[in-house]
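K.L.:
pasted the sequence and its predicted model underneath.
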Amino acid sequence: MSNVAIPSSGERFRKAFHLEAEKSFKLNQHHVKTLAFFSPALAVFAFFDSAVGESEFNTLPLRITAALLIVPIAIRKTRLSRVNPKVWPTYWIIACTLVFPFMFGLMLFINAALVSDSEKLNDFWMIQFLVATFLHVQLISRLWLVVPFWTVGTVLSLALTVCLFPEAAAALKSVSIYPISAFATAVFFGALFDRKSDLVDQEKFAVASRIGTNVAHELRTPLASIRNFANNSEANLPQVIEHYEQSVARGEVENPLTPRQLRALATNTGRILNEVEFSHTIIDMLMMSTSENPLGMDRTEYCSAADCVREAVRRFPFNNDFERQMTSADVEYDFRINAPPILVVHVLFNLIKNGIRFASGADEPRVLIRSSRQGNRDVLQVIDSGSGISKADQRRIFERFYTTQGLGQGAGIGLSFCRLAMETLGGGIECHSDGESFSEFRLLFPVLQEPSQINPQPAIG
């Protein structure tokens with residue numbers, strides 16, 4: 001009998017939760033900074049609670065607490081960069097739940113408990129809680145996470161209010177029962193709206209994946225035939241050339257080939273095989289970028305960062321010598337990466353491809369790949385001398401299907417693949433640009449051990 005361990009239901013639930021939490025966090029990356037930017041407004045709006053909502057208590061402490069819960073997410077890549085990246089998706093779900101259904105529910109129920117019997121609760125609190133509910137749905141984005149966490153947050157706020165004001169249980173009962181249908185409506189339509197957007201993206205990616213698979217299949221078959229023909233020619237060509245030269249020596253050939261033509265004939269098969277290899281590399285890039293699971297890999301494998309960079313530059317399918325000459329590497333600082341080399345190489349392929357595209361028109365075209373230590377991260381930098389990337393594009397450039405190129409010139413999946421790959425490795429990717437003369441992409445890897453260095457360079461803080 002097999003001794004394969006069967007995961008418990010609790011373990012399966014934990015894995016499912018983390019998977020959905022990661023999807024939610026990645027899907028809302030562009031909302032994280034926006035939420036962090038507006039978090040101080042949560043405290044400022046305490047003024048409206050008094051002026052408009054005629055609050056029965058001071059809501060400022062609750063609002064400040066809500067704002068502080070968002071701060072760690074905003075500074076996670078700077079002050080809190082040593083925290084395990086896997087923590088943040090879970091924190092995101094919990095923070096959104098505490099900020100929206102719990103905090104705003106608490107303000108609603110406490111005001112309902114404190115309002116006098118002769119007065120009616122201001123509709124401001126109901127509207128505010130409905131808005132908070134809708135924001136909670138949009139920010140978490142995953143339906144099976146929204147419903148239980150919204151329920152837990154709302155019930156906890158109601159339970160805490162009952163504990164604080166047991167004499168107001170009757171008033172709280174009427175407030176908590178009446179808006180349930182309205183709350184459910186907000187959850188339903190919010191989840192439906194998000195689900196529709198999610199399905200559109202899934203369908204777009206599925207179409208891209210199917211096209212990629214079909215194109216790869218159609219191209220690999222003739223490429224395999226070309227490779228076989230070239231290999232056969234390369235094996236037999238020396239004998240053919242030898243017999244030809246003997247015939248020329250005997251005067252049996254009227255218009256013999258020149259020595260240059262003979263040399264070209266001898267090397268052409270090698271060039272054909274190189275072109276086939278380049279074509280397969282392009283197909284591999286397409287397949288990995290459009291795969292549903294490009295990261296199904298052996299995480300026990302380790303590789304050298306410098307070797308990955310050299311392999312990427314060596315194998316990259318440059319269109320001409322101009323592109324090859326403008327691309328260089330400075331990887332004297334070496335470090336270990338816990339990943340298959342092919343994955344790191346294909347991430348670099350995407351960045352090199354983008355760098356060449358934008359730097360080709362520069363006065364001094366250049367694409368440089370560097371390695372360094374920055375703080376507590378090992379880093380590979382891909383820097384180009386192109387026209388740069390605007391601040392607005394930098395905020396969205398890693399989103400799937402987002403592209404800065406014209407219609408039909410880019411699918412918007414290369415950089416999203418890079419981000420997915422780096423985050424799965426426990427690292428990250430950043431974009432820095434002045435929007436005018438350069439762009440720099442940084443691949444951030446977790447430090448595994450003290451790296452070997454040929455000529456150690458100082459850390460970049």
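P.N.:
Yep, it's here. Numbering: from 1, shown residues only.
K.L.:
all helices of the stretch 1-150 of the chain, in order?
P.N.:
According to DSSP state H, counting those that start in this stretch, the stretch 1-150 of the chain carries its helices in the segments 9-27, 29-44, 46-51, 60-74, 87-97, 103-114, 123-140, 143-164.
K.L.:
could you tell me the angle between the fourth one and helix 123-140?
P.N.:
What that stands for is helix 60-74. Inter-element angle recorded for helix 60-74 and helix 123-140: 10 degrees (by axes from the mean of the first three to the mean of the last three Cα atoms, to 10 degrees).
K.L.:
okay, buried residues for helix 60-74 please.
P.N.:
Along helix 60-74, the positions that meet the burial threshold by neighbour count (16 or more other Cβ atoms under 10 Å) are 60, 62-63, 66-67, 69-70, 72-74. (C-beta placed from N, C-alpha, C; glycine too.)
K.L.:
what mean pLDDT would you report for it?
P.N.:
Over the span of helix 60-74, the pLDDT mean works out to 87.
K.L.:
same question, the second one
P.N.:
Helix 29-44 comes out with an average pLDDT of 75.
K.L.:
can you list contacts of that helix?
P.N.:
Outside helix 29-44, the residues within contact range by Cβ atoms under 8 Å, 6 or more residues apart in numbering are 60, 63-64, 66-67, 70-71, 73-74, 92, 99, 138-139, 395-396, 398-399.
K.L.:
repeat that for the shortest one.
P.N.:
With contact meaning Cβ under 8 Å, 6+ apart, helix 46-51 is reached by 55, 58-60, 63, 107.
K.L.:
distance to A171 for those residues - can I get that in TSV?
P.N.:
Written out in TSV, the entries for those read as follows (distance: Cβ to Cβ, whole Å):
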residue	distance to A171
S55	16
N58	20
T59	18
L60	24
R63	23
M107	15
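K.L.:
which one of those residues is nearest A312?
P.N.:
Sorting the contacts of helix 46-51 by how near they are to A312, with Cβ to Cβ, puts R63 at the top with 49.5 Å.
K.L.:
and the closest one, how far from V87?
P.N.:
Counting by Cβ to Cβ, to the nearest Å, the separation of R63 from V87 is 25 Å.
K.L.:
do the same with H432
P.N.:
Between H432 and V87 the distance is 25 Å, computed by Cβ to Cβ.
K.L.:
cool, and K15?
P.N.:
On the measure of Cβ to Cβ, K15 and V87 end up 16 Å apart.
K.L.:
go on, L35?
P.N.:
Computed as Cβ to Cβ, the L35 to V87 distance reads 18 Å.
K.L.:
so between these two, which is more surrounded?
P.N.:
L35 (19 against 12; other Cβ atoms under 10 Å).
K.L.:
and the nearest residue to E436 once chain neighbours are set aside, what does it touch?
P.N.:
Of all residues not flanking E436 in the chain, G388 sits nearest, at 4.8 Å (Cβ to Cβ, 6 or more residues apart in numbering). The contact partners of G388, by Cβ under 8 Å, 6+ apart, come to 433-439.
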